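# got a predicted model here, sequence first, then my questions.
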Amino acid sequence: MGNGDARVRGLAARAGGWSARHRWAAVGIWVLFVVLATVLGSAAGRVDVEDSEQLKGETSTAAGIIEEAGIEEPASETVLVQAKDDGLTSTDADFRSAVSAVMTAVERTGEVTDVTSPYDSGTVSEDGRSALVQFDVRGDPRTAGERIEPVLEAVADVQKEHDSLRIEEIGGASMMKTFDDAFGDDFKKAEYSAVPVALGILLIAFSALVAALLPVALAITAIVATMGLMGLVSHLQPMSDTANSVMLLVGLAVGVDYCLFYLRREREERAAGRDARTALRIAAATSGRAIVVSGVTVCVAMAGMLFTGIAEFEAMGLASLMVVAVAMVGSVTVLPALLSLLGERVEKGRVPFLRRRTGGRNDSRFWSAVLKRVLARPVLSVVVATGALLAVAAPALGMKTENLTLDQEFGDSLPIVQTYNRVNEAFPGGSEPAEVVVKADDINAPEVKAALADFREQAVGSGASRGPVEIKLHDQQNLAFVYVPLVGGSDQDAAGASLEKLRDEVRPATLGKVDGVEAPITGQVAGNKDFNDQLVGSVVPVFAFVVVFAFLLMLLSFRSLTIAVTSIVLNLLSVGAAYGILVAVFQHGWGASLVGAEGVGAIITWLPLFLFVILFGLSMDYHVFVVSRIREARTRGLGTRDAIRHGVVTTAGVVTSAAVIMVAVFAIFGTLSMQSMKQMGVGLAAAVLIDATVIRGVLLPAVMALLGERNWYFPKWLHRLPDLTHDEAPAAATPRTRDDEPEKVPV
């Protein structure tokens, strides 16, 4: 190794060499791949996750029964009619007149059906000040939000005629429309602004338009190709809009990073005086190999989501895995072909007032100064950095996760949130009732009807509900839907306790006694509980899969037991610190006003596992890149400390640029109004920032300096494992320094 032999081994080196020699063929194949994936994906169409596939447990069973029966439950809406003071009640003429006006107005729109008076359904509050007019929206419930505007306008017109009453609408369709209006553009702006932000940072990093456009172009083509592939794969594993958004986020981050690593190394070698062909060969054998190792590790981490058994997570994991794989392949194939085609023209489009950055040591004066102090006092550096990270991570020990309620998610920024709170206060659980899907051989059989009546009576008598309990029969399908408002309302703990009473006490004593009757209980509260139970059960297998396979990949890629162990430990520290920041800001409210997160008080349930998988994968980008450079210098003959210094300093510029891009892109999502998206953005941005500074700039070099030659420890009994070590670049050997006087390293 390092003997000047131009022959290099490894997939990345061979792929880069072939692409550089067959430039037009490589570019043509990539363009053809992107076009074919897009066309075939569009032709196949995307299959989205169905309700029955979302979860296991009762929620899934209920959805399956409904789908099998061919029943499409309409979007239900409710109009709250409420006296503004204590002087007016539901028995007064003005109140009755308002109720009648609401019913007439919504019926005239032609968009609704089954309009029910509160006097018939019994949806009048105990104090008589509030009543609910209920109805369903015609047509497909998934597009009901697009047709609800005339109904909302009709209700608003009735409100104008009754000053003494609050007349407000809430329901699935109205909430869908409100959120789309309020946050749909918010999401689009965030997604669209990510690309120009990344391009702007790359312009500063490279000082040339062409060089800055290459990473963005590669990332965008990888994302476009993956969108097409998602359409094809969705026929085996259904996808979703959430998976699409996560794929875009991850694809932009890794696509730009991988291209950045490759491009900076090629420019660095050319700046060192190597000819274009040699510079490309070295970049392919070094940065190309680091990209492959990193990409495979990220894919493995994303694959951890497939072990959750939750369809939404499986879709996100598979979509992210695909975009990382596509970006990785593009980085080691079409990118070297483009660099070979462009040659010196990669420097075209010089940006005025920005000095040219080659990626060499001159770019890293700050980190050179930091590293000098870290290597001079490695013990102190390890103690201080580890102590600081553990202190930041400490709040995570008290993490409280829950599915955020409407007011937690959106605060009081939307009028519909206030309506939601008023309905829950007057009718606890009325806005999110439990739904019992009763299936029988004959739904009208006397014993079934008696059991339904008993269930309705005991649901209220047990204290699980205050009523009214509504029953809707579907005679033709032999189904009955029982809607039970849960005591507790928006208080999730109390509502969860009411749900348990229904499932564990009321149902067995009533419907459970009739042979052949199925009665799974679903609804918002039930869905949250089933989701939480399944998520908690998947934590250990996901954690074990990601950690074990990441450890094995690092072990095989560097043939060092020590590096594999330290890689896992450092990544866990980074993830722990991100958890601590999330809890401190969103749960305890420390600095919450800075990010607009006052009063949330909890972390959304799905985020910790999602962040673990994403962060564990993405943090490997920097780690593999830096350690690869250190090992490369070490195998060329540098002593361990000099190799550390060389690896950290020469990668500092590219790692900083990549981290700034990731932090900026993730921070955009931290500006959204939805607290769940804000938590995701802040968590990802904080973790990447910590990872690229404290971990890679201080803790990693300090730990490696303390370990010395033990960094390269690889027991003899492991020598039979496959050798996936570094593809060495053709370079003259460098004399070993005297700081270590180490023994020969087995590689």
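Noted; the coordinates are in hand. Numbering: from 1, shown residues only.

# any idea which helix or strand in the protein has the lowest mean pLDDT?
Sorting the helices and strands of the chain by mean pLDDT, DSSP states H and E puts helix 51-54 at the bottom, at a mean of 61.

# next structured bit after that helix?
Beyond helix 51-54 on the C-terminal side, the first helix or strand identified by DSSP states H and E is helix 58-69.

# average pLDDT across that next one?
The average of the pLDDT scores along helix 58-69 is 85.

# how about V438, secondary structure?
Three-state call for V438 (DSSP: H, G, I helix; E, B strand; the rest coil): strand.

# that one: neighbour count?
Applying other CB atoms under 10 Å, we find 27 residues neighbouring V438. C-beta: built from backbone N, CA, C; applies to glycine.

# repeat for the one 5 residues further on
A count of neighbours around I443, defined by other CB under 10 Å, yields 19.

# contacts only, for the spatially closest residue to it that is not a sequence neighbour.
Once flanking residues are discounted, I443 sits nearest to N478: 4.4 Å by CB to CB, 6 or more residues apart in numbering. By CB atoms under 8 Å, 6 or more residues apart in numbering, N478 lies in contact with 439-443.

# give me the buried entries from those.
Restricting those to buried positions leaves 439-440, 443, with burial counted as 16 or more other CB atoms under 10 Å.

# what separates stretch 309-329 from the chain centre, distance-wise?
Taking CA atoms, centre = their mean, to the nearest Å, one finds stretch 309-329 lying 11 Å from the centre of the chain it belongs to.

# how about that stretch as PDB, C-alpha atoms only?
Below are the C-alpha coordinates for stretch 309-329, written out as PDB (Å, rounded to 0.1, in the frame of the first residue of the first chain):
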ATOM      1  CA  GLY A 309     -44.200  -3.100  12.200                       C
ATOM      2  CA  ILE A 310     -45.700   0.400  11.700                       C
ATOM      3  CA  ALA A 311     -46.600   1.000   8.100                       C
ATOM      4  CA  GLU A 312     -45.700   4.700   8.200                       C
ATOM      5  CA  PHE A 313     -42.300   4.000   9.600                       C
ATOM      6  CA  GLU A 314     -41.700   1.200   7.200                       C
ATOM      7  CA  ALA A 315     -42.500   3.500   4.300                       C
ATOM      8  CA  MET A 316     -40.200   6.200   5.700                       C
ATOM      9  CA  GLY A 317     -37.400   3.800   6.200                       C
ATOM     10  CA  LEU A 318     -37.600   2.200   2.800                       C
ATOM     11  CA  ALA A 319     -37.900   5.600   1.000                       C
ATOM     12  CA  SER A 320     -34.900   6.900   2.900                       C
ATOM     13  CA  LEU A 321     -32.900   3.800   2.300                       C
ATOM     14  CA  MET A 322     -33.600   4.000  -1.500                       C
ATOM     15  CA  VAL A 323     -32.600   7.700  -1.800                       C
ATOM     16  CA  VAL A 324     -29.400   7.100   0.100                       C
ATOM     17  CA  ALA A 325     -28.500   4.100  -2.100                       C
ATOM     18  CA  VAL A 326     -29.300   6.100  -5.300                       C
ATOM     19  CA  ALA A 327     -27.300   9.100  -4.100                       C
ATOM     20  CA  MET A 328     -24.400   6.800  -3.100                       C
ATOM     21  CA  VAL A 329     -24.300   5.100  -6.600                       C
END
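
# pull out the buried residues from it.
310-329.

# cool, and stretch 373-385?
For stretch 373-385, by 16+ other CB under 10 Å, it's 374-375, 378, 381-382, 384-385.

# about what we covered before: from the buried ones among the contacts of N478, which is closest to R270?
For the buried ones among the contacts of N478, the residue nearest R270 by CB to CB is K439; the value is 70.7 Å.

# for I568, see how far away D241 is.
Applying CB to CB, to the nearest Å, the value for D241 to I568 is 33 Å.

# low-confidence stretches in this structure?
Residue ranges of the chain with pLDDT under 70: 1-10, 51-55, 182-189, 191, 353-364, 412-413, 429-431, 489-491, 724-747.

# quick one, strands of it?
Assigned by DSSP state E, the strands in the chain fall at 76-83, 112-116, 130-137, 165-171, 401-402, 434-439, 470-474, 479-484, 521-522, 603-604.

# contacts for the second one next, please.
If I follow you right, that is strand 112-116. 74, 77, 103, 106-107, 123, 133-138, 151.

# try 10 Å this time
74-79, 102-107, 123, 132-139, 147-148, 150-151, 154, 173, 470, 472 (CB atoms under 10 Å, 6 or more residues apart in numbering).

# buried residues, it. List them.
112, 115-116.

# parallel or antiparallel, which strands does that strand pair with?
Paired neighbours of strand 112-116 in the sheet (DSSP bridges): strand 130-137 (antiparallel).

# measure how the strand it pairs with sits relative to strand 470-474, angle-wise.
20 degrees (axes from the mean of the first three to the mean of the last three CA atoms, to 10 degrees).

# buried set for strand 130-137?
130-137.

# now stretch 166-180
Judged by neighbour count using 16+ other CB under 10 Å, the buried positions of stretch 166-180 are 166-179.

# which of these lies closest to L40?
The shortest gap between L40 and any of those belongs to M176, at 31.4 Å (CB to CB).

# quick one: contacts for I614?
Taking CB under 10 Å, 6+ apart as the criterion, I614 is in contact with 246, 249-250, 253, 298, 301-302, 304-305, 316-317, 320, 575, 666, 680, 683-684, 687.

# ditto for V536
Residues in contact with V536 (CB under 10 Å, 6+ apart) are 401, 605, 609.

# these, buried ones only, as a ChimeraX selection?
Selecting only the buried members of those in ChimeraX, with burial defined as 16+ other CB under 10 Å, works like this:
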select :401,605,609
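
# who's the residue nearest to R166 when sequence neighbours are not counted bridged to?
Spatial nearest neighbour of R166, excluding adjacent residues (CB to CB, 6+ apart): Q82 at 4.5 Å. Note on Q82: beta-bridge partners by DSSP bridges are S130, R166.

# swap in L473?
A480.
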